[in-house]
Structure formats: structure tokens, C-alpha cells
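>>> make a model of this:
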Amino acid sequence: MNETSSPGDLTSRLRSRLETDRQRIEDAAARELARLGESLSAVASDALRSIEADTEKATARMRELLMKAWLRPLVVGMSLFLGICGGSWGTMHWLSRIIDSRFETLTEVNVRIHRARETLAELHETTWGVELREISGERYVALPARTPSRPAFTMDERPYLKLSRE
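Numbering: from 1, shown residues only. Alright, predicted model coming up:
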């Protein structure tokens, strides 16, 4: 056995040792990288779940805020709409009742006027056109036109007789 080494043997031993060391380092690095990858994957999954949960909570809050923000103007608008419509309906109902009562009053007044005219015409017929008048504090009887008598005076082509104050 020859215990002398040659430079080639040393180089080949160094190469084989370097190759073994390199292989061990690569295996250790690969294992570490795999562990780091799994750890990073777990951290990323946790972060993703947390982000999804936070996003869901924020979305729910936003929906609630939007619902409240949409609901308030709707309630106010509907209240105003109903108030205006109700007030308008009430006002129109009140005005129509007033107009109806005015029409009834006008009808009653027209009926009274008609009756008064009928009464006046009847009075004129029954008195044959004789009228009582007061002129400057004196009382006179106006006779129908073309009455053959001696009147106190004539006015409007009608004779007038003076009444005594007794």
C-alpha cells in the first residue's frame, strides 16, 4: 500500500468532499426553503382569511350605513309627500265644502229674491199702483198715472196727495 498521495488524488478527494458538502448544503437549504415555503403559505393563508373576514365586516358595515343613508331620505321624502298630499286633500275638501255652502246660500238668496219680486208684483196688483212715499219729512200717496182728480202736485206724470199727520 502506497500511502503517498498524489496531487490528483488530493484534488479528487477535495472535489468529492466539496461535492458532498455542496450536496448536504443544498439539501439543507432545500429543506429550509420547503419549511419556509410552508410557513409562508400558512402565513399568507391566515392573512388572506383575515383580509377576507375584515373585508366582509367592512362590507356589512358599509351596507348598513348605505341602508341607513338611503332610508332616512326616503322616510323624510315620504313624510313630506304624505304631508303635502294630505294637506292638499284637506284644503281642497274644505274649499269644496265652502264653495258648496256658498252655492246653497246663493240659491237661497235667489229664491228669496224671486219670492220678494212675486210679492212685490202681487202687492202692485192688489194696490192698483198706489204707493206711499215720504218726501222731505212729509207723507204722500202716489196715485196711478192718469187718475182723474185734483192732486196736491204731480211728479213723474203721477198725481200725489198729501196725508195729514194726525
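>>> how about the helices in the protein?
7-126 (DSSP state H).
>>> what about the spatially most central residue of the chain, distance to Pro73?
Nearest to the mean C-alpha position of the chain, by Cα atoms, centre = their mean, lies Phe81 at 2.7 Å. Distance, Phe81 to Pro73, by Cβ to Cβ, to the nearest Å: 12 Å. Any C-beta I mention is one placed from the backbone N, CA and C, and that applies to glycine too.
>>> cool, and Met92?
Met92 is 28 Å from Pro73, where distance means Cβ to Cβ.
>>> now swap in Glu108 and tell me
To Pro73, Glu108 is 52 Å away according to Cβ to Cβ.
>>> can I see the domain layout of the chain?
9-126, 129-166 (automatic domain parsing).
>>> let me have these in a markdown table, extended by mean pLDDT.
Shown next, in a markdown table, are these (pLDDT from 0 to 100):
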| stretch | mean pLDDT |
| --- | --- |
| domain 9-126 | 91 |
| domain 129-166 | 72 |
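>>> deepest-packed of those, please.
domain 129-166 (a mean of 12; mean count of other Cβ atoms under 10 Å).
>>> got the CA positions of stretch 136-146 in PDB?
Below are the C-alpha coordinates for stretch 136-146, written out as PDB (Å, rounded to 0.1, in the frame of the first residue of the first chain):
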ATOM      1  CA  SER A 136    -138.800 115.900   2.900                       C
ATOM      2  CA  GLY A 137    -140.500 114.500   6.000                       C
ATOM      3  CA  GLU A 138    -144.000 114.800   4.500                       C
ATOM      4  CA  ARG A 139    -146.100 111.800   3.700                       C
ATOM      5  CA  TYR A 140    -147.800 111.400   0.400                       C
ATOM      6  CA  VAL A 141    -149.900 108.900  -1.500                       C
ATOM      7  CA  ALA A 142    -148.800 108.500  -5.100                       C
ATOM      8  CA  LEU A 143    -151.800 107.600  -7.300                       C
ATOM      9  CA  PRO A 144    -151.600 105.700 -10.500                       C
ATOM     10  CA  ALA A 145    -150.900 107.700 -13.700                       C
ATOM     11  CA  ARG A 146    -153.900 109.400 -15.400                       C
END
